[in-house]
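K.L.:
Here's my sequence, what's the structure:
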Amino acid sequence: MPSPQEMDAFLKMEDFLEDSFMLALFKNSIKCGNVETIKVIGFSMLPAIQQKDMIRVQRSDKYCVGDIVVYEYKTQGLLVHRIIAINDNEVWCRGDNAVRIEKIGYEDIIGKVVAIQHN
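P.N.:
Numbers count the residues shown, from 1 in each chain. Presented below is the predicted three-dimensional model:
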């Protein structure tokens with residue numbers, strides 16, 4: 001887990017996730033095997049992940065039911081939700097505090113949440 005000083009260096013990542021260039025850099029960094037830290041915005045993963053918590057995201061070769069993943073969903077940008085079902089090449093995700101279920105492909109997943117630092 002990064003120190004508070006290291007976490008401060010990552011706080012600005014959230015400002016760039018809506019910028020397509022910075023999003024591409026973030027995705028490429030994860031794809032290359034780096035671990036990246038971002039600040040969560042929203043309440044769909046309460047109580048596991050809260051507003052402004054920091055999460056560390058890492059690429060994985062295998063995803064399982066119960067994993068929390070970061071993925072691109074349609075035009076909504078990045079979502080951080082839990083995998084609730086897997087069938088062949090289809091993955092179903094839902095926020096712990098949400099009703100909607102999203103069907104995505106493995107290619108939509110950017111990485112797995114490997115650590116959570118509560119705000």
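
K.L.:
And the pLDDT for residue 14?
P.N.:
Note on residue 14: pLDDT of 51.

K.L.:
Wait, residue 64 touches residue 83, no?
P.N.:
Yes. Judged on Cβ atoms under 8 Å, residue 64 makes contact with residue 83 at a distance of 6.9 Å. Every residue, glycine included, has its C-beta placed from N, CA and C.

K.L.:
neighbours of the residue nearest to residue 109 when sequence neighbours are not counted, just the number please.
P.N.:
Nearest non-adjacent residue to residue 109, counting by Cβ to Cβ, 6 or more residues apart in numbering: residue 71, 4.7 Å away. The local packing of residue 71 (other Cβ atoms under 10 Å) involves 21 other residues.

K.L.:
element containing residue 71, please.
P.N.:
Assessed by DSSP states H and E, residue 71 sits inside strand 68-72.

K.L.:
Likewise for residue 112?
P.N.:
Assigned by DSSP H and E, residue 112 falls in strand 109-117.

K.L.:
Need the distance between the two termini of stretch 19-38.
P.N.:
Using Cα to Cα, to the nearest Å, the end-to-end distance of stretch 19-38 comes to 14 Å.

K.L.:
just checking, next helix/strand downstream of the longest helix seen in the chain?
P.N.:
For the chain, the longest helix by residue count, based on DSSP state H, is helix 20-31. Later in the chain than helix 20-31, the nearest helix or strand by DSSP H and E is strand 36-39.

K.L.:
Mind listing the strands that next one pairs with, and their directions?
P.N.:
strand 54-58 (antiparallel) (DSSP bridges).

K.L.:
Report the contact partners of the residue most central in space within the chain.
P.N.:
Centroid-nearest residue in the chain, with Cα atoms, centre = their mean: residue 70, separated by 2.5 Å. Contacts for residue 70 (Cβ atoms under 8 Å, 6 or more residues apart in numbering) come out as 38, 55, 57, 78-80, 109-113.

K.L.:
any idea how far residue 20 lies from residue 59?
P.N.:
20 Å (Cβ to Cβ, to the nearest Å).

K.L.:
between those two, who's got more neighbours?
P.N.:
residue 59 (18 against 9).

K.L.:
before we move on, back to that, buried residues in the strand holding residue 112?
P.N.:
Across strand 109-117, burial judged by 16 or more other Cβ atoms under 10 Å covers 109-113, 116.
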